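Asks: Based on what follows, work out the 3D shape:
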Amino acid sequence: MTKRVLAVSAGLVHPNLFARNKFHRIIEGTPGIQTAWTTGVADLLALDGGGYDGAILYFQRKTIDDGTLDALDRFVAGGGGLLAVHSASASFKQVPRYFDILGGRFITHGKIEPFTVRRTDTAASFFSVTDPFTVTDELYIHEYDDGVTIHYATETDTGPEPVVWTKSHGKGRICYISLGHRASVMKVDAVRRIITEGLGWTLGVEKGGAA
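Replies: Take a look at the predicted model:
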């Protein structure tokens, strides 16, 4: 059964246009997904129409009005899936409710450099990447909820930093992936698999059980 997804993807530099183009190809190449692409945050109001099973956020924006946030909140709490990527966690910094939905907020980032990502959770059968992999990207540092399930992390001077987490919100499922500043990251097979498998889990079409 085809799942319909509304994807808000915007940015020339942050997120990088080339990274977004490669991300689009990953999503478009995912079987069973029909995606409507837009650059406008206000288009999330369409989630109230009942025609979508999931949403994707891959942008950095400063403001979101209450009505649009209400629509996103209702959609996910009602059972919709949400995949948020990279700078989605650095958006709407003055809106605590947005971060309550997402599960965490961006605090800062380091320089672009190589770092190794390791699996931290072995119970979630929907993620198939088990071996460590290295990317060269902008590592985001987050403040995150205790209730999130961390699946992949990297080591920093102050301890492990989550790279992929999942959580529930009402009846809905949310997956956040911090990678995605550079286009080359979207070429890494492990990253591509995590994106498609994370999206599949939010939509309830993962192989295996829930987190």
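Asks: Only C-alpha atoms from now on, for both contacts and neighbour counts.
Replies: Noted.
Asks: By residue count, tell me the biggest helix in this protein.
Replies: Longest helix in the chain, counting residues (DSSP state H): helix 189-202.
Asks: what residues does that helix touch?
Replies: 26-27, 30, 54, 80-83, 126-129, 133, 172-175, 177, 185-186, 206, 210 (CA atoms under 8 Å, 6 or more residues apart in numbering).
Asks: go on, stretch 44-58?
Replies: 3-10, 15, 20, 67-68, 71-72, 74-75, 80-88, 202-203.
Asks: Give the buried residues for it.
Replies: By neighbour count on 16 or more other CA atoms under 10 Å, the buried set for stretch 44-58 is 44, 47, 52, 53, 54, 55, 56, 57, 58.
Asks: Could you tell me the end-to-end distance of that stretch?
Replies: End-to-end distance of stretch 44-58 (CA to CA, to the nearest Å): 13 Å.
Asks: What's the mean pLDDT across it?
Replies: For stretch 44-58, mean pLDDT rounds to 96.
Asks: Which strand residues bridge residue 159?
Replies: residue 156 (DSSP bridges).
Asks: Run a quick neighbour tally on it.
Replies: Residues within reach of residue 159, counting by other CA atoms under 10 Å, total 9.
Asks: go on, residue 192?
Replies: Residue 192 has 17 neighbours, counted by other CA under 10 Å.
Asks: Now do residue 58 against residue 30, distance only.
Replies: Counting by CA to CA, the gap from residue 58 to residue 30 is 17 Å.
Asks: Just the CA atoms of the longest helix of the chain, as CSV, please.
Replies: What follows is helix 189-202 as a C-alpha-only set of coordinates in CSV (Å, rounded to 0.1, in the frame of the first residue of the first chain):
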residue,chain,number,x,y,z
ASP,A,189,25.2,3.8,2.0
ALA,A,190,24.7,3.6,5.8
VAL,A,191,23.1,7.0,5.9
ARG,A,192,20.8,6.3,3.0
ARG,A,193,19.6,3.1,4.7
ILE,A,194,19.0,4.9,8.0
ILE,A,195,17.0,7.6,6.2
THR,A,196,14.7,5.1,4.4
GLU,A,197,14.4,2.8,7.4
GLY,A,198,13.7,5.7,9.7
LEU,A,199,11.0,7.0,7.4
GLY,A,200,9.6,3.5,7.1
TRP,A,201,9.3,3.1,10.8
THR,A,202,7.5,6.4,11.2
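Asks: mean confidence score for that helix?
Replies: Per-residue pLDDT over helix 189-202 has a mean of 98.
Asks: May I see the buried residues of it?
Replies: Buried, per 16+ other CA under 10 Å, within helix 189-202: 190-202.
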